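Asker: From the sequence below, what's the structure:
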Amino acid sequence: MKKYAIVIEHGPNNLSAYVPDLPGCITTGRTVDEIQRNMQEAIALHLEGLAEDGEPIPEPSTDVSYVELQVA
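Answerer: Prediction:
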């Protein structure tokens with residue numbers, strides 16, 4: 001099992017997400033739960049397409065962390 005990081009961005013009317021380790025693998029949704037469900041499907045389809053095209057499956061290599069700081 002592979003574990004890919006996703007980045008979720010908040011827009012004015014919805015959310016969007018992408019996978020840094022899988023360029024072109026993106027989705028949108030109205031809630032974080034919807035984004036997570038959509039992204040699972042998008043990743044599965046993306047990896048399936050790579051396999052069908054004979055392309056290598058990228059290993060997850062992105063780590064996610066937060067930096068907290070006081071902003072004046």
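
Asker: need the strands for the protein, in chain order.
Answerer: 7-10, 15-18, 26-29 (DSSP state E).

Asker: A44 is nearest to which of the ones you listed?
Answerer: strand 26-29 (11.7 Å; Cβ to Cβ). No exception for glycine: its C-beta is placed from N, CA and C like everyone else's.

Asker: what is the mean pLDDT for the closest one?
Answerer: Averaged across strand 26-29, the pLDDT comes to 96.

Asker: in it, what counts as buried?
Answerer: For strand 26-29, the neighbour count (16 or more other Cβ atoms under 10 Å) marks 26-27, 29 as buried.

Asker: And stretch 23-37, by the same measure?
Answerer: Here stretch 23-37 shows 25-27, 29, 35 as buried, counting by 16+ other Cβ under 10 Å.

Asker: ok, L50 - contacts?
Answerer: L50 makes contact with 56-57, according to Cβ atoms under 8 Å, 6 or more residues apart in numbering.

Asker: State the distance from it to P56.
Answerer: 7 Å (Cβ to Cβ, to the nearest Å).

Asker: rewinding a little: grab the two from the buried residues of stretch 23-37 that are most spread out in space.
Answerer: The span of these, defined through Cβ to Cβ, is set by C25 and G29 at 14.2 Å.

Asker: possible to save the strands of the chain as a markdown table with distance to Y66?
Answerer: Listed next are these as a markdown table, based on distance: least, Cβ to Cβ, whole Å:
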| stretch | distance to Y66 |
| --- | --- |
| strand 7-10 | 12 |
| strand 15-18 | 17 |
| strand 26-29 | 22 |
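
Asker: Of all those, which one is nearest T62?
Answerer: strand 7-10 (8.6 Å).

Asker: what does stretch 25-38 rub up against?
Answerer: 6, 8, 14-19, 39, 41-43, 46.

Asker: Now the buried members of the residues you listed.
Answerer: For the contacts of stretch 25-38, a neighbour count by 16+ other Cβ under 10 Å gives the buried set as 6, 15, 17-19, 39, 42-43, 46.
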